[in-house]
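1. no FASTA, just this:
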């Protein structure tokens, strides 16, 4: 009897020890996962969503808006006069474009959104006073676009990444594509024969055997993640802090998504603790990589609407990012995880073979979009057969469904084919020669000129994708976009956060853009917006903002 009791006691102790060990291991895993998250709010999506819901809306009044940084009365007066001058010039030069934008915004929710976030919300009262940007263009030619008032701008928008070889190039692709498929027209379901050549060319470019066509990059990424989950039987997807992979729920777990993304892990990019997590977890289906993040690892997509200080940072280290991707590749091989390169934005920009060629790392699946459509909307997923298969031979009802009414639309396929064929032309192939050297030299030269001009502005670049950084603590940096527009430089709605050059910029074209850039910065400085007493820092600016928010909230 006593012996039986002893055995039961030992069993209880053993069970308790096993439970305690399991709890300890689980706690350790949770701790490691927490450490692998970036310390910024972007690295903690749930916390970011909660804080965003508490953030108060407030605006600077007329006495604050020009002197919120403590500038003396004479500088405040200088800024007020400069602002009135900006508004007057905008109204004089862009009346038709501004009127069309105002009219369209009444029924176009997209335009309402981008118009509201061109500048920090504390300064939105200035937009009500006339600091508005026209969103309409009537024509393009070469490196330029022309608005409804006949103003011609050097195009630095890049059409959100579409414009790789110049506006005329894509007009030609669309025209050639339409000519190729016109006999079939918009017949859906069946394929135009041009699809055969598209498949062959994409196999050569991507080094991957199979593909599926979609109508957007977001859809292509959705399908890649779904296939990874289907073949691994795992739920978790890994994205890196700040990276953009489309607007669907699982890859946008923080602000902007009303629902929590339960199966998404947002980890620190280029972090050692992240690698430990990836090596240990058994529930990860895929790792998503957006090569553009190499310009600003762990930083969200830069927008002038968030420029309330000069904390924006960017720096591209090709060797370091290559080593990071190589490590991810080795971990994915060892753990059976799908490595997915999201090249919807950067595809064909770094090299003809994209990030795989540029960094020398092969992915299991690659998503493409934007420029690949030859100017028309497209999404393409390329992958190895083992990852792309959507059904199981032994289980006919076990499928991975994906479809879209407009997938493989003949006109899109035609424009895509024109794009792929043009890649082989000598003039286009020549643009890839010495690509990094060309754009790095241009960025370096512009930075030297900005320093010589004595303005607190610099640029950072990843090949032909640039961002503007600010070297002096200030809270009016977001105004630079407006001075640049007055100098004839077209920017996207994120302003100076992302400048995208088409590769066909000649040295003369770039020289013209650089001159206008420096002139805009000098004009802004002359108007007093970068006044400083030498005591302000980004930290003191953030502390002031926190006090303002607390006061507005309570």
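-> That came through, no problem. Keep in mind that what you see is a predicted model, and the values were worked out from it rather than measured.
2. what mean pLDDT would you report for stretch 88-96?
-> In this model, stretch 88-96 has a mean pLDDT of 97.
3. correction: stretch 119-135
-> On average, stretch 119-135 scores 92.
4. ok, now stretch 344-359?
-> pLDDT averaged over stretch 344-359 gives 96.
5. Show me what counts as buried in it.
-> Within stretch 344-359, the residues that qualify as buried are 344-351, 353-359, counting by 16 or more other C-beta atoms under 10 Å. Quick note: C-beta positions are derived from backbone N, CA and C, even for glycine.
6. next one: stretch 468-487
-> 468-470, 473-487.
7. can you tell me the distance between the two ends of it?
-> Length of stretch 468-487, first residue to last, C-alpha to C-alpha, to the nearest Å: 16 Å.
8. one step back: tell me which of the buried residues of stretch 468-487 fall in strands.
-> Among the buried residues of stretch 468-487, DSSP state E puts 468, 469, 470 in strands.
9. List the residues that contact the first one.
-> Spelled out, that is residue 468. 312, 457, 458, 459, 480, 496, 497, 499 (C-beta atoms under 8 Å, 6 or more residues apart in numbering).
10. which residues sit in contact with the second one?
-> I take that to be residue 457. 450, 468, 469, 470, 471, 480, 521.
11. Please apply the same query to the fourth one.
-> When the contact criterion is C-beta under 8 Å, 6+ apart, the partners of residue 459 are 443, 446, 447, 450, 466, 467, 468, 469, 499.
12. Just name the closest of the contacts of residue 468 to residue 80, please.
-> Distance to residue 80, by C-beta to C-beta, is smallest for residue 480 among the contacts of residue 468, at 18.2 Å.
13. just to revisit the earlier point, which of the contacts of residue 459 tops the neighbour count?
-> residue 468 (26 neighbours; other C-beta atoms under 10 Å).
14. Return the distance of it relative to residue 244.
-> 19 Å (C-beta to C-beta, to the nearest Å).
15. likewise residue 498?
-> Distance from residue 498 to residue 244, by C-beta to C-beta: 11 Å.
16. can you list residues touching both of these two?
-> residue 301.
17. neighbour count winner among these two?
-> residue 498 (25 against 16).
18. For the more buried one, list the residues it contacts.
-> So residue 498 contacts 158, 301, 302, 465, 466, 467, 492 (C-beta under 8 Å, 6+ apart).
19. where does the chain have low pLDDT?
-> 1-3, 5, 10-23, 25 (pLDDT under 70).
20. Tell me how many other residues crowd residue 263.
-> Residue 263 has 16 nearby residues by other C-beta under 10 Å.
21. which residues touch it?
-> Shown in contact with residue 263 (C-beta under 8 Å, 6+ apart): 235, 236, 237, 250.
22. Distance to residue 167 and neighbour count added to the residues you listed, as CSV?
-> Converted to CSV, those look like this (distance: C-beta to C-beta, whole Å; neighbours: other C-beta atoms under 10 Å):
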residue, distance to residue 167, neighbour count
235, 43, 13
236, 42, 18
237, 36, 26
250, 34, 22
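23. Which ones among those map onto strands?
-> 236, 237.
24. and the contacts of residue 263 as TSV, adding distance to residue 548?
-> Listed next are these as TSV, based on distance: C-beta to C-beta, whole Å:
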residue	distance to residue 548
235	41
236	39
237	37
250	35
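25. Looking at the contacts of residue 263, which one is closest to residue 256?
-> residue 250 (12.9 Å).
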